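> Provided below for reference: sequence and predicted model.
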Amino acid sequence: MRVGLEATGYSRWFERLLAELGIEVWIGDAAEIKTKRVRKLKTDREDAKLLLKLLLENRFPKIWVPSPEHRRPPRFSSGLPACDTRPMNK
């Protein structure tokens with residue numbers, strides 16, 4: 001089984017889950033996928049239909065990404081995740 005996803009910075013957890021389940025994951029070039037969109041309407045349903053069509057027609061713009069075990073964890077400048085330090089006004 002193969003799953004195609006648009007490249008985003010927030011899907012790594014999903015990629016790992018699919019890989020653990022033995023499902024092949026292809027990451028697609030979001031800019032290239034956008035050029036293949038016929039209608040201006042952008043919804044999750046329309047995106048899913050387009051990704052499926054591109055996969056079935058062997059036109060999916062796959063990009064290379066390192067395997068999950070070869071990726072570095074995200075780095076933060078202070079070593080900790082950034083947090084909102086704005087004061088709360090009441």
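All right, it came through fine.

> could you say what helices and strands the helix or strand of the chain at the bottom of the mean pLDDT ranking packs with?
Sorting the helices and strands of the chain by mean pLDDT, DSSP states H and E puts helix 12-20 at the bottom, at a mean of 88. Contacts defined by 3 or more Cβ pairs under 8 Å, 6 or more residues apart in numbering; DSSP states H and E place helix 12-20 against strand 2-6, strand 24-28. Any C-beta I mention is one placed from the backbone N, CA and C, and that applies to glycine too.

> right, and the helix or strand after the lengthiest helix in the chain?
The helix that spans the most residues within the chain, counting by DSSP state H, is helix 44-56. Next along the chain after helix 44-56, taking DSSP states H and E as the criterion, comes strand 62-63.

> Could you give the average pLDDT over that next one?
Per-region confidence: strand 62-63 scores 93 on mean pLDDT.

> Tell me how far it lies from the chain's centre.
Remark: strand 62-63 is offset 11 Å from the chain centroid, using Cα atoms, centre = their mean, to the nearest Å.

> helices or strands next to that strand in the packing?
strand 24-28.

> Only the buried residues of the least confident helix or strand of the chain, if you could.
Neighbour-count burial for helix 12-20 flags 15, 18 (criterion: 16 or more other Cβ atoms under 10 Å).

> what's the spacing between that helix and its chain's center?
Per Cα atoms, centre = their mean, the centroid offset for helix 12-20 relative to its chain is 11 Å.

> got the CA coordinates for it in CSV?
Output of helix 12-20 as CSV, limited to C-alpha atoms (Å, rounded to 0.1, in the frame of the first residue of the first chain):
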residue,chain,number,x,y,z
ARG,A,12,6.1,13.8,10.4
TRP,A,13,4.2,12.1,13.2
PHE,A,14,1.8,10.8,10.6
GLU,A,15,4.6,9.7,8.3
ARG,A,16,6.2,7.7,11.2
LEU,A,17,2.9,6.1,12.1
LEU,A,18,2.3,4.9,8.5
ALA,A,19,5.9,3.7,8.3
GLU,A,20,5.5,1.7,11.5
